[in-house]
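> fold the following and give me the result.
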Amino acid sequence: MILTDTHTHIYYEQDAEKQEPLIQRCFENDVNRLFLPNVDVASIAMIDNLVEKYPENCFAMAGLHPCDVKEGYQHQLDIIYKSIADRKIYAIGEIGIDLYWDKTTLAIQQDAFRKQINWAKALNLPIVIHCREAFDEVFEILESEKDDKLRGIFHCFTGSEAQAKQAIALNFYLGIGGVVTYKKAGLDAVLSQIPLFNLVLETDSPYLAPVPFRGKPNESSYLIYVAEKLADIYDVSVEEVAKVTTENSKKVFGV
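Okay, the predicted model is just below:
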């Protein structure tokens, strides 16, 4: 069985004595593929270092997180874009719009989002979308950018059935993480109307730990709890969830 964590910030742990056990616990739980979203210029080196240590298991993305789109963001974008030429990148991400923390930066978030979508199209790469309290704003841009090159993952999807179907129609998979294990989230009810073949798994570690670790730091090895919840929702084996969602990740990332 091979589980794929399509979205983990496991590289945030920079202490080698702690980082190695984090990775080993992944392998013990059959989490053998880890996709690493870029958030800012500083995280490029962190990602590259982990990829260098585990080249068969860790795969890099490049992008500027919407919460890091602030004054001077164009310079950050330039640095991130120039880094791509010297690195193997499997997606542009995580990118998008976040109106939870700061609504005043919407215009520059929109600009950064469009620019990075265009990177992805030019490089024939998927995008990995961060969308928080901004479904309408994200969909507005995606609908305007829609073509046969636009594709990717809606990271940490927690929307409605209608939003799920709109994302799928735009050629996106839904990234499902720990939130699906939260009783009051309602995501299990949404997913009961969405086929498993539209989903990929993720942890977003160190955030959003699944039950029974809710409220504690998350880690990629906990992906098994997300897979078990989906096995329950879809009435299939955990092995089938792993097989389908890992195949989906290979379709998205090409590896």
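> centre of the chain to stretch 173-193, how far?
Distance, stretch centre to chain centre, for stretch 173-193: 15 Å (C-alpha atoms, centre = their mean, to the nearest Å).
> same question for stretch 238-247.
The gap between the average C-alpha position of stretch 238-247 and the chain average comes to 17 Å, counting by C-alpha atoms, centre = their mean.
> same deal with stretch 155-171?
Stretch 155-171 has its C-alpha centroid displaced from the chain centroid by 14 Å (C-alpha atoms, centre = their mean).
> go on, stretch 34-52?
Taking the mean of its C-alpha atoms, stretch 34-52 sits 13 Å from the chain's own mean (C-alpha atoms, centre = their mean).
> flag every buried residue along it.
For stretch 34-52, burial by neighbour count (16 or more other C-beta atoms under 10 Å) applies to 34-41, 43-44, 46-48, 50-51. No exception for glycine: its C-beta is placed from N, CA and C like everyone else's.
> ok, stretch 98-113 next?
Neighbour-count burial for stretch 98-113 [16+ other C-beta under 10 Å]: 98-99, 105-106, 109-110, 112-113.
> ok, so of the buried residues of stretch 34-52, who is nearest residue 221?
residue 34 (10.4 Å; C-beta to C-beta).
> so how far is residue 213 from the closest one?
Here residue 34 is placed at a distance of 18 Å from residue 213 (C-beta to C-beta, to the nearest Å).
> before we move on, what about residue 58?
In this structure, residue 58 and residue 213 are separated by 22 Å, where distance is defined by C-beta to C-beta.
> so residue 64 sits against residue 73, correct?
Yes: between residue 64 and residue 73 there is a contact under C-beta atoms under 8 Å: 6.6 Å.
> now the common contact residues for these two.
Counting by C-beta atoms under 8 Å, 6 or more residues apart in numbering, the contacts common to residue 64 and residue 73 are residue 112.
> so for these two, which sits in the more crowded spot?
Under the criterion of other C-beta atoms under 10 Å, the comparison of residue 64 against residue 73 puts residue 64 first, with 29 against 19.
> show me the contacts for the more buried one.
Taking C-beta under 8 Å, 6+ apart as the test, what residue 64 contacts is 38-40, 73, 76-77, 80, 95, 112, 116.
> among those residues, which ones are in helices?
Among the contacts of residue 64, the members falling in helices are 73, 76-77, 80, 112, 116 (criterion: DSSP state H).
> tell me the confidence at residue 102?
Confidence per residue is given as pLDDT, and for residue 102 that number is 89.
> from residue 142, how far off is it?
With C-beta to C-beta as the criterion, residue 102 and residue 142 are 21 Å apart.
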